[in-house]
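> heads up, no residue letters with this:
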C-alpha cells in the first residue's frame, strides 16, 4: 500500500518554499523551488511525488496560476484563505517561508482549514481579469476628473467643472480657461490622461461584449433586475462563478463581504460593520446597482426608504446591495427571471415597517 503524502507550498514570485510530510506527520523533504512550471515539474519528478497528492497553498497574487500548474501535473491543489492560515499558525510571531510551508502541510494533513478558495476555470478567470482591468482604468479616469475639480476650486472656479464625463464637456471647460494659459495647460494634461483611460475602458468593454456571448442567457436573466446592467451582470457571473458551491443565499452574501460582523457572548449581542472579507469587485458593483433603489419605481425602494430614514443613505445602500446579492444568486441557482410578486411576499415585514412609519392602513393582499 502506497503511503499518502501531503505538501505545503509557500508561493512567492521568484521561488517558493515547500514541505512534504507523510500520514504520520513526519517530514519527508523540504526546500525551495523556482516558481515556474518547469520548477514545479522537476519538484515532482525529483522527489517522486505521486499523482493525486494534495498540495496546500495560500490565496495570493500567484495562487490561481500555481494551482492550475499543479493540477496539470496531476496533483490536487487546495487554495486556503490567507487570513485563516495566519489565525491558525502554531507560532504566528515567528514567521518564515519554510515555517509557513510546514504549517500549510500540517494543517492540510490534520484537516484544520475550512475556508477553501474557489479556483475558477481559465475562461472565467480571464473574464475576472478583464473586469478588474476595466475598473482600474475607470478609477484612473475618475481620479483625473477629481484632480481637475480640486485644481479649479483652489482658484475659485469650482462651478466651471460641474460635469466632466464627455470630451465635449472638457472642450467647453478648456475654452473658458483661455485667458489663463497656465491653468489651461494644466487642465489639458489631465484631459490627456482622462482620454487615454477612456480609450482603454472602451477597448476592454469591447472585449467584454465578445465574452458576453458565452453567458448570454445568464446575463439577460440578471438584467431583468432593475438597476443591473451588463457590467454588474458579468461581474456577478464572474465572481460567483459556480453557484452550486454556495449552500444558501446567505453564504453567497457572506462571500461578497456584505454581512455584518457579529460578536455574541452571553447576554451581549453586537453587530458591527460589514466584514468586507470576500470579493471587493463584486461588492463594489452591487453597491453601484443598489443606488438605483432610491428611485420611487424601483421594487426595493420601500426597503431602501425605511432604512434610509432610520440609518442613513450609506447603510441603506449596503443593505440593498446585500439583498441584491441574494436575489441574483437565487436567480442563477433556480435559472429564473426576476419576479416582482415573489419579492413583494418576501418584503412583508418591511412593508409593515413602512405602514408603522407613515401610519397608513395596509391594503389587503389578494
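Okay, I see it. These figures come from a predicted structure and were not determined experimentally.

> could you list the low-pLDDT ranges of this structure?
The model of the chain has pLDDT under 70 over residues 1-2, 344-366.

> what segments of the stretch 151-300 of the chain are strands?
For the stretch 151-300 of the chain, the strands defined by DSSP state E, counting those that start in this stretch cover 260-265, 268-274.

> relative to strand 260-265, how tilted is the longest one?
Calculated by axes from the mean of the first three to the mean of the last three Cα atoms, to 10 degrees, strand 268-274 forms an angle of 160 degrees with strand 260-265.

> and strand 268-274, which strands flank it?
Counting by DSSP bridges, the strands paired with strand 268-274 are strand 260-265 (antiparallel).

> please identify the buried residues of the partner strand?
Buried residues in strand 260-265, counted by 16 or more other Cβ atoms under 10 Å: none are found. All C-beta atoms are positioned from the backbone trio N, CA, C, and that covers glycine.

> ok so, going back, could you export the strands of the stretch 151-300 of the chain as a markdown table, including distance to residue 136?
Below are the strands of the stretch 151-300 of the chain laid out as a markdown table (distance: least, Cβ to Cβ, whole Å):
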| stretch | distance to residue 136 |
| --- | --- |
| strand 260-265 | 28 |
| strand 268-274 | 23 |
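
> and these: which comes nearest residue 196?
strand 268-274 (34.3 Å; Cβ to Cβ).

> so what's residue 84 up against?
113-115 (Cβ atoms under 8 Å, 6 or more residues apart in numbering).

> so which of these wins on neighbours?
residue 113 (16 neighbours; other Cβ atoms under 10 Å).

> measure that residue to residue 90 for me?
Distance of residue 113 to residue 90, given as Cβ to Cβ, to the nearest Å: 14 Å.

> how about residue 278?
Distance, residue 278 to residue 90, by Cβ to Cβ: 27 Å.

> these two: which is more packed in?
residue 278 (19 against 10).

> got the phi and psi for that one?
As for residue 278, its main-chain torsions (degrees, to the nearest 10) stand at phi -100, psi -140.

> next, the contact list for it, please.
254-258 are the contacts of residue 278 under Cβ under 8 Å, 6+ apart.

> now residue 160
152, 173, 176-177.

> can you tell me how far it sits from residue 258?
Residue 160 is 38 Å from residue 258, by Cβ to Cβ.

> re earlier: from the contacts of residue 160, which ones fall inside helices?
Of those, the ones assigned to helices by DSSP state H are 152, 173, 176.

> let's see if you can find the most crowded of these.
Most neighbours among the ones in helices among the contacts of residue 160, by other Cβ under 10 Å: residue 173, with 21 neighbours.

> so what's the residue most central in space within the chain closest to, chain neighbours aside?
By Cα atoms, centre = their mean, the chain has its centre lying nearest to residue 279, at 2.2 Å. Spatially, and ignoring its direct neighbours in sequence, residue 279 is nearest to residue 239 (4.5 Å; Cβ to Cβ, 6 or more residues apart in numbering).

> that neighbour contacts residue 280, correct?
No - using Cβ atoms under 8 Å as the test, residue 239 is too far from residue 280 to be in contact (9.5 Å).

> how close does the residue nearest to residue 279 sit to residue 208?
Taking Cβ to Cβ, one finds residue 239 at 14 Å from residue 208.

> mind checking which of these two has more residues around it?
residue 239 (24 against 18).

> distance check, that one against residue 169.
In terms of Cβ to Cβ, residue 239 sits 33 Å off from residue 169.

> likewise residue 338?
For residue 338 relative to residue 169 (Cβ to Cβ), the value is 35 Å.

> okay, these two: which has more neighbours?
residue 338 (18 against 14).

> which phi and psi does the nearest residue to that one once chain neighbours are set aside have?
With sequence-adjacent residues excluded and distances taken as Cβ to Cβ, 6+ apart, residue 338 is closest to residue 224, at 4.1 Å. Main-chain dihedrals, residue 224, degrees, to the nearest 10: phi -70, psi -10.

> what does residue 149 give?
phi -60, psi -40.

> and the residue nearest to residue 276 when sequence neighbours are not counted, what does it touch?
Distance criterion Cβ to Cβ, 6+ apart; nearest residue to residue 276, sequence neighbours excluded, is residue 257 at 4.3 Å. Residue 257 is in contact with 274-280, 283, counting by Cβ under 8 Å, 6+ apart.

> make it 10 Å
Contact partners of residue 257, counting by Cβ atoms under 10 Å, 6 or more residues apart in numbering, are 274-280, 282-283, 322, 325.

> now it: how far from residue 279?
From residue 257 over to residue 279 (counting by Cβ to Cβ), the distance is 7 Å.

> also residue 218?
Distance of residue 218 to residue 279, computed by Cβ to Cβ: 17 Å.

> same deal with residue 6?
Residue 6 is 29 Å from residue 279, where distance means Cβ to Cβ.

> and residue 153, by the same measure?
Residue 153 sits 35 Å away from residue 279, going by Cβ to Cβ.

> now do residue 76
Distance, residue 76 to residue 279, using Cβ to Cβ: 24 Å.

> buried ones in the helix or strand harbouring residue 307, by neighbour count?
Secondary structure assigned from DSSP states H and E places residue 307 in helix 301-311. Residues of helix 301-311 classed as buried: 301-308 (neighbour count, 16+ other Cβ under 10 Å).

> quick one, domains of the protein?
As given by automatic domain parsing, the domain ranges for the chain are 6-110, 122-215, 229-263+276-358.

> can you put those domains in CSV and add distance to residue 269?
CSV is the format used below for the domains of the chain (distance: least, Cβ to Cβ, whole Å):
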stretch, distance to residue 269
domain 6-110, 23
domain 122-215, 36
domain 229-263+276-358, 8
